[in-house]
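> Everything below, folded, please.
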Amino acid sequence: MRSKIIISILVLILIVTPVQAFRLVGDVYIIEGAPVYGDTPTRSFVTSGESAEQSYILPTTLENLTSVEIHIKNESTTGSAYYDLYVNDILIRDDDYVADEDVIYKDELIQKGVDPLTTNLSVKVYAIGGDLNFTVYITADDKPMVSMRIDVEEVTLSKPIVRIRYNHPYAVKDVITIKNPSSVNVSDAKLLVDYPPSAFNKPVDQIYVGVIESNKSKTAELKFQKKAPEIIYKEVKDEEYDDYTVREFSFKVYSYENVTTIFELEKSILKGIEDAENITVEVNGKEVDFKDLEDFIKFETPVKKGINTMKVKCSIPTISVIAPAPAKVVEEERLSGAEIIVEWFKKLIDWITSLFGG
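Sure thing, here's the model as predicted:
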């Protein structure tokens, strides 16, 4: 038995890690005269010696908000009022005097120790002396809504086709469900699309969603194509026996993700397969069924994300060619020119001799 490697081809590709597919940005309005899709702020009245609290579950973090304003207004008939202000149980103002109206901004809350990454805002005002009212205004303008839940279900609309020298992308549909678990409405919401490395085309950069009300959901769809798996390595090895050759075509297939794939291996590249016997196909060590078509070896099988192994093995009969025996060439014996002259003289002498009776 003799073994030899006939062909070895290697194609390098960049292997990258998929990224998050969708990010949501939107607006939040808790202000006076808010748009119909916004929220009307609450004005809380606090009598002297009492306290009041407003709490919000935010669709984004405190630092992502465009603005937070806590307006504390003196309602005392005596002309003076004092208050304590707590935000998320952190003391922001201590026995502070308000003549008419105080405004506390987001930066002060963070400076005083409120976690900028919090998605909960609890505002509590104690009226130490005099009556008060307070209102919380919150806005976010085209900000990332990081607290929103985004669920993606991908539906495969077609299957990738892979050949040795060619591959065909496949179509998918992403059904995106956005849930707003916060206590405020999100308006002018948009999904920003971060396509995965497997994307073959990128039809849109963003999907408009609109208003997502508090504690409600909305769905959106995105159709695009993904790259098919790709044959990145091919090797052909022969093991020769007396009357047949075992030929093994080995392939490495890179796939960006788990996907069921149609393979059509060109017989024009699988040299000798047309006359072969006992053809078998293996993918990742498991034998798969195939169709032996006129131009292709065709089969359908799942492949995993990353590198896959594929083998096509067959036996090719050895045709013994016996060289024919050399043809026997029978040639007439022919005399040379000198021999013909000598022979002619001999006959002439015999004739002359016979004339003279000798």
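> Next, the buried residues of stretch 275-295.
For stretch 275-295, the neighbour count (16 or more other C-beta atoms under 10 Å) marks 276, 281-283, 290 as buried. Quick note: C-beta positions are derived from backbone N, CA and C, even for glycine.
> gap between the residue most central in space within the chain and Pro169?
When C-alpha atoms, centre = their mean is applied to the chain, the residue found nearest the centroid is Ser198 (3.2 Å). In this view, Ser198 and Pro169 are 9 Å apart by C-beta to C-beta, to the nearest Å.
> ditto for Ile138
When distance is defined by C-beta to C-beta, Ile138 is 45 Å away from Pro169.
> These two: who's more crowded?
Comparing Ile138 with Pro169 by other C-beta atoms under 10 Å, the one with more neighbours is Ile138, at 22 against 17.
> Surely that one is in a strand?
Yes. Under DSSP: H, G, I helix; E, B strand; the rest coil, Ile138 sits within a strand.
> Contacts only, for it.
28, 30-31, 56, 58, 65, 67-69, 121, 184 (C-beta atoms under 8 Å, 6 or more residues apart in numbering).
> All the helices of this protein, residue numbers only.
Taking DSSP state H to define them, one finds helices in the chain at 106-111, 337-355.
> Run through the bridge partners of the residue nearest to Val303 when sequence neighbours are not counted.
Closest residue in space to Val303, ignoring its immediate chain neighbours: Ser255 at 4.6 Å, by C-beta to C-beta, 6 or more residues apart in numbering. With DSSP bridges as the criterion, Ser255 is bridged to Gly306.
> Could you report the neighbour count for Asn258?
Asn258 has 10 neighbouring residues, counting by other C-beta under 10 Å.
> Enumerate every residue touching it.
By C-beta under 8 Å, 6+ apart, the contact list for Asn258 reads 302-305.
> buried subset of the residues you listed?
Buried, going by 16+ other C-beta under 10 Å: Val303, out of those.
> with the contacts of Asn258 in mind, which one is nearest to Phe134?
For the contacts of Asn258, the closest approach to Phe134 (C-beta to C-beta) belongs to Lys305, at 54.3 Å.
> Which of the buried residues of stretch 275-295 fall in strands?
Using DSSP state E, 281-283 are the members of the buried residues of stretch 275-295 that sit in strands.
> would a markdown table of those residues with pLDDT and distance to Ile161 be doable?
Below are these laid out as a markdown table (pLDDT from 0 to 100; distance: C-beta to C-beta, whole Å):
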| residue | pLDDT | distance to Ile161 |
| --- | --- | --- |
| Val281 | 96 | 16 |
| Glu282 | 96 | 20 |
| Val283 | 97 | 15 |
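> Closest one of those residues to Thr156?
The closest of those to Thr156 turns out to be Val283 (C-beta to C-beta; 18.7 Å).
> which residues touch that closest one?
Val283 is in contact with 301, 303, 308-310, counting by C-beta under 8 Å, 6+ apart.
> hmm, 10 Å instead?
Contacts here follow C-beta atoms under 10 Å, 6 or more residues apart in numbering; on that basis Val283 touches 251, 253, 261, 263, 299, 301-304, 308-311.
> same question, Ile161
Applying C-beta under 10 Å, 6+ apart, we find Ile161 in contact with 167-170, 228-229, 261-264, 298, 300.
> Could you do Phe22 as well?
Phe22 makes contact with 150-152, 174, 176, 178, 191-195, 206-207, 220, 222 under the criterion C-beta under 10 Å, 6+ apart.
> Report the beta-bridge partners for the residue nearest to it when sequence neighbours are not counted.
Of all residues beyond its chain neighbours, the one nearest Phe22 is Leu191 (4.9 Å), with distances taken as C-beta to C-beta, 6+ apart. Per DSSP bridges, the residues bridged to Leu191 are Leu24, Ile207.
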